[in-house]
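Novice: Test case, fold it:
(4 chains)
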2 protein chains.
Amino acid sequence: MKDVAAAAGVSLKTVSRVVNGEANVNETLRTAVLESIAELGFRPNAGARGLRQGRSGTVGLLLEDVADPFYSILSRAVEEVAREHGTMVFAGSSAEDPARERELALAFCERRVDGLIVVPAGASHSYLLPEMRAGIPVVFVDRPPGDIEADMVLTDNTGGTRRGVDHLLAHGHRRIGFIGDAPEIYTAGERLRGYREALESAGIDFSDELVTQAPPNPESTAAALDRLLAGPSPATALLCGNSRTTVSVLRELARREASLALVGFDDLELGDLLQPGLTVVAQDPAAMGAAAARLLFQRITGGPPGDAAGDASGPTQTITIGTRLIARGSGEIPPP
Amino acid sequence: MKDVAAAAGVSLKTVSRVVNGEANVNETLRTAVLESIAELGFRPNAGARGLRQGRSGTVGLLLEDVADPFYSILSRAVEEVAREHGTMVFAGSSAEDPARERELALAFCERRVDGLIVVPAGASHSYLLPEMRAGIPVVFVDRPPGDIEADMVLTDNTGGTRRGVDHLLAHGHRRIGFIGDAPEIYTAGERLRGYREALESAGIDFSDELVTQAPPNPESTAAALDRLLAGPSPATALLCGNSRTTVSVLRELARREASLALVGFDDLELGDLLQPGLTVVAQDPAAMGAAAARLLFQRITGGPPGDAAGDASGPTQTITIGTRLIARGSGEIPPP
DNA sequence: CCGTTGCCTGACAACGTTGTCAATCGGGTT
DNA sequence: AACCCGATTGACAACGTTGTCAGGCAACGG
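Specialist: From the prediction side, this is the model:
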């Protein structure tokens, strides 16, 4: 910038004014400065600007895994909203490791991100309190934070599984199994709750042997299927609590050449091409990402105090995103 | 940092020394400083450090679409390598729009990224020349840059389609169709070349009516299928030039209840669950991302001059990543 | 003619950090 | 006793930008 000023024969400050499009700069000088800028290939240093102004034009996005379709779609939605605010996105994968989550979050904070969107991996997030007090807004997505209060964007997990079970009930099933993720996982618990509620509303007793809560690996899923299909009155339908479980179940069913009514939670890319098509309770990761980003930027921009939606320090908000049942065949198989 | 220094009763510089783990600091003082840091919740400002040191600990990753599985896997691989170097990744989606690509790339440069990994959308990249001359290394992935010379990481596209065609030939096919992306796209051209070469090696005449080059939307794919399956000697096998085309073809075949031998280029998540399983020429996006990132960090770190692999200003390198044929059924259907 | 106003410009400090250099101190060397 | 050495510490400038403030100038009203 010093060079540009010298080349254009003006002061540093005038170059700064031109770069920032401030009013009250003589048109001749402005042109001269712009020419020098082009000639020298000058590009303002966002870091230095951030240092002076206190804003980096940067947000951090902390996911379980950038490569997971659910999160990558969410990520893209965040990016789009950030773009509207002239902000770039740091993305990082926690790999479900609380230590790594923390390490990444603090690394983002060292980069002085203007805000943080976090899919919690660990159970404790009090390590973020100092940062939040220092003025970095944080929005949690998909799962609530462990031990602090903050804005959240969640899926209507309970309503989703309720809808899935209702769908199976409507097709005549009474023995409906559920295979969900480990009970420590927030979403797993919520989804199980929806399953129970739906059965209860239908006046059907909850039976333990129809429910499995385990990590979604092939082995435990196969074992869960064994349990479901064994015994005198086996399950005729199954609700899968997450997409990895759904995939494992599909593989296992294909291997056994077995079939039963199936509804998955969370959509799969090629669900319509399977035989039969996969019926799912679809989440809307793009809506979640967009909602989280909007919430975050409201906090960053900081509306007038008192305006609940805009006040940077207002009470925390929770946004719940609904689910959509997509019937493609597998969920409409009647009981034998 | 000033506050920490005051609290610990030392100078700014001593705090800096402790933060950076420099030698020659009295153990007592070091402890005192660390205590003050913890107490005040001090976190060093990476922007200011970058300003002084000339390194931001940041790289930019410019993709077509963060949400696309191919790129999101690539992205994760880049993140892992960056992590080893204590570097965070800015990710951005160009949406195949050259203007947006440029805008994002320059925004990254304003943030003073230490390097740039780019999947080119546009045909011209000379706009990056000033930045590269200013010392920002750039590595291109998946496609070569338009009009500049730089490091690249590419898939062996030609070898991949050759392998796919060979596979179909080995299963007895002689009328093998090819539906690829528009000819402007680099990878589409390379893949078509592999198709031609494989046919040539087998002594089979290339026939125009078996080849379509068009954007991978459902309509043009359906039209292409029409052409392939019409006429006196229709195609008995088909090689799809990219995964979106593959999906369109699968949908269209399902709709028509038709079937033919099919090999896709680029793997699909649930390819093994389809009936029949989808045979593909799989790319390795993780390997591409890792290779690109390693190349980039070699340039950033800047090995000894003369060391081709490490010299920051050495000659450009091109790394080619091989493909893998995964037979799952659809490519092993014999001709009627 | 003079004070006022509005426009335009530049000098300077400050943002938070680190590299450079000088200063101090205890101890060993000649 | 004079000297040198290494270890330890701090003062200060610099990185590239912008906010603050003051100064200069022309037009304007009185």
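
Novice: In the stretch 201-336 of chain A, what residue spans correspond to helices?
Specialist: A:218-229, A:243-256, A:285-301 (DSSP state H, counting those that start in this stretch).

Novice: Let me know which of the ones you listed is the nearest to DNA strand D.
Specialist: With Cβ to the nearest atom of the strand, the closest approach to DNA strand D among the helices of the stretch 201-336 of chain A belongs to helix A:285-301: 15.8 Å. C-beta here means a position set from N, CA and C on the backbone, and glycine is covered the same way.

Novice: List the buried residues for the closest one?
Specialist: For helix A:285-301, burial by neighbour count (16 or more other Cβ atoms under 10 Å in any protein chain shown) applies to A:285-300.

Novice: Output the helices of the stretch 201-336 of chain A in CSV; the columns should cover distance to A:I321.
Specialist: Putting these into CSV (distance: least, Cβ to Cβ, whole Å) gives the following:
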stretch, distance to A:I321
helix A:218-229, 27
helix A:243-256, 16
helix A:285-301, 5
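
Novice: what would these look like in a markdown table with mean pLDDT and distance to B:S259?
Specialist: Shown next, in a markdown table, are the helices of the stretch 201-336 of chain A (pLDDT from 0 to 100; distance: least, Cβ to Cβ, whole Å):
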| stretch | mean pLDDT | distance to B:S259 |
| --- | --- | --- |
| helix A:218-229 | 95 | 29 |
| helix A:243-256 | 95 | 18 |
| helix A:285-301 | 96 | 34 |
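
Novice: of all those helices, which lies closest to A:I326?
Specialist: Taking Cβ to Cβ, helix A:243-256 is the member of those nearest to A:I326, at 12.8 Å.

Novice: returning to what we had before: indicate which one of the helices of the stretch 201-336 of chain A is closest to chain B.
Specialist: The closest of those to chain B is helix A:243-256. By Cβ to the nearest Cβ, the value is 5.3 Å.

Novice: contacts for the closest one?
Specialist: A:70, A:179-181, A:216-218, A:221-222, A:225, A:238, A:240, A:259-260, A:262, A:264-268, A:274, A:278, A:280, B:270, B:272-273 (Cβ atoms under 8 Å, 6 or more residues apart in numbering or on different chains).

Novice: Quick check on those: which are buried?
Specialist: Judged by 16+ other Cβ under 10 Å, buried ones among those: A:70, A:179-181, A:216, A:221, A:225, A:238, A:240, A:260, A:262, A:264-268, A:274, A:278, A:280, B:270, B:272-273.

Novice: Among those residues, which are located in strands?
Specialist: Using DSSP state E, A:179-180, A:238, A:240, A:262, A:264-265, A:280 are the members of these that sit in strands.

Novice: Please name the residues that touch A:G322.
Specialist: A:156, A:159, A:284.

Novice: Could you export those residues as TSV, including distance to DNA strand D, pLDDT and neighbour count?
Specialist: Below are the contacts of A:G322 laid out as TSV (distance: Cβ to the nearest atom of the strand, whole Å; pLDDT from 0 to 100; neighbours: other Cβ atoms under 10 Å in any protein chain shown):
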residue	distance to DNA strand D	pLDDT	neighbour count
A:D156	43	98	17
A:G159	46	98	18
A:D284	38	98	18
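
Novice: out of those, which one sits closest to chain B?
Specialist: A:D284 (13.2 Å).

Novice: can you tell me which residues contact the closest one?
Specialist: A:155, A:321-324.

Novice: Show me which of those residues are buried.
Specialist: A:155, A:321, A:323.

Novice: Make sure the last one is actually in contact with A:V280.
Specialist: This means A:T323. No - counting by Cβ atoms under 8 Å, A:T323 stays clear of A:V280, with 9.2 Å between them.

Novice: what residue ranges in chain A score low on pLDDT?
Specialist: A:303-312 (pLDDT under 70).

Novice: 80 instead, please
Specialist: Across chain A, the ranges flagged by pLDDT under 80 are A:302-314.

Novice: Name the residues of it found near DNA strand D, please.
Specialist: For chain A, the residues in contact with DNA strand D (Cβ under 7 Å from any atom of the strand) are A:1-2, A:12-13, A:16, A:19-20, A:42-45, A:48-49, A:51-53.

Novice: if we go to 6 Å?
Specialist: Contact residues (Cβ under 6 Å from any atom of the strand) of chain A with DNA strand D: A:1, A:12-13, A:16, A:19-20, A:44-45, A:48-49, A:51-53.

Novice: Check the gap between the residue of chain A found nearest DNA strand D and A:L40 for me.
Specialist: Taking Cβ to the nearest atom of the strand, DNA strand D has its nearest neighbour within chain A at A:M1, 2.7 Å off. Distance, A:M1 to A:L40, using Cβ to Cβ, to the nearest Å: 10 Å.

Novice: which residues touch the residue of chain A closest to DNA strand D?
Specialist: Counting by Cβ under 8 Å, 6+ apart, A:M1 has contacts A:12, A:15-16, A:19, A:42, A:44.

Novice: out of those residues, who has the most neighbours?
Specialist: A:V15 (26 neighbours; other Cβ atoms under 10 Å in any protein chain shown).

Novice: Would you agree that residue is in contact with A:A7?
Specialist: No - counting by Cβ under 8 Å, A:V15 does not reach A:A7; the two are 9.5 Å apart.

Novice: and A:A182, what does it touch?
Specialist: Counting by Cβ under 8 Å, 6+ apart, A:A182 makes contact with A:188, A:213-215.

Novice: ok, now with 10 Å
Specialist: A:188-189, A:213-216, A:220 (Cβ atoms under 10 Å, 6 or more residues apart in numbering or on different chains).

Novice: likewise A:N26?
Specialist: Residues in contact with A:N26, defined by Cβ under 10 Å, 6+ apart, are A:10, A:14, A:32.

Novice: before we move on, back to that, reformat the contacts of A:A182 into TSV and put distance to B:L62 next to each item.
Specialist: Conversion of the contacts of A:A182 to TSV gives the following (distance: Cβ to Cβ, whole Å):
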residue	distance to B:L62
A:A188	36
A:G189	39
A:Q213	41
A:A214	40
A:P215	35
A:P216	33
A:S220	40
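
Novice: Which among these count as buried?
Specialist: Buried among the contacts of A:A182 by 16+ other Cβ under 10 Å: A:188-189, A:213-214, A:216, A:220.

Novice: Now flag whichever of the residues you listed is closest to chain B.
Specialist: A:P216 (14.8 Å).

Novice: who's in contact with the closest one?
Specialist: So A:P216 contacts A:179-182, A:185, A:188, A:224, A:240-249 (Cβ under 10 Å, 6+ apart).

Novice: Quick check: it vs A:A224, distance?
Specialist: For A:P216, the distance to A:A224 - Cβ to Cβ - is 10 Å.

Novice: Now for these two: what residues contact both?
Specialist: Between them, A:P216 and A:A224 share these contacting residues under Cβ under 10 Å, 6+ apart: A:179-180, A:240, A:245, A:248-249.

Novice: Output the residues you listed in JSON lines, with distance to B:D166 appended to each entry.
Specialist: Output for the shared contacts of A:P216 and A:A224, formatted as JSON lines (distance: Cβ to Cβ, whole Å):
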{"residue": "A:I179", "distance to B:D166": "42"}
{"residue": "A:G180", "distance to B:D166": "45"}
{"residue": "A:C240", "distance to B:D166": "39"}
{"residue": "A:T245", "distance to B:D166": "38"}
{"residue": "A:S248", "distance to B:D166": "34"}
{"residue": "A:V249", "distance to B:D166": "36"}
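
Novice: Please name the nearest non-neighbouring residue to A:L210.
Specialist: A:G177 (4.6 Å; Cβ to Cβ, 6 or more residues apart in numbering or on different chains).

Novice: typo on my end, A:T318
Specialist: A:M152 (4.6 Å).

Novice: Check A:E101 too.
Specialist: Nearest to A:E101 is A:S94, by Cβ to Cβ, 6+ apart, at 3.9 Å.

Novice: Just flag the most distant two among the residues of chain A next to DNA strand D.
Specialist: A:K13 and A:L51 (16.9 Å).

Novice: re earlier: next, format the contacts of A:G322 as a markdown table and append distance to B:L62.
Specialist: Below are those laid out as a markdown table (distance: Cβ to Cβ, whole Å):
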| residue | distance to B:L62 |
| --- | --- |
| A:D156 | 35 |
| A:G159 | 38 |
| A:D284 | 27 |
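
Novice: Kind regards, and thank you for your time.
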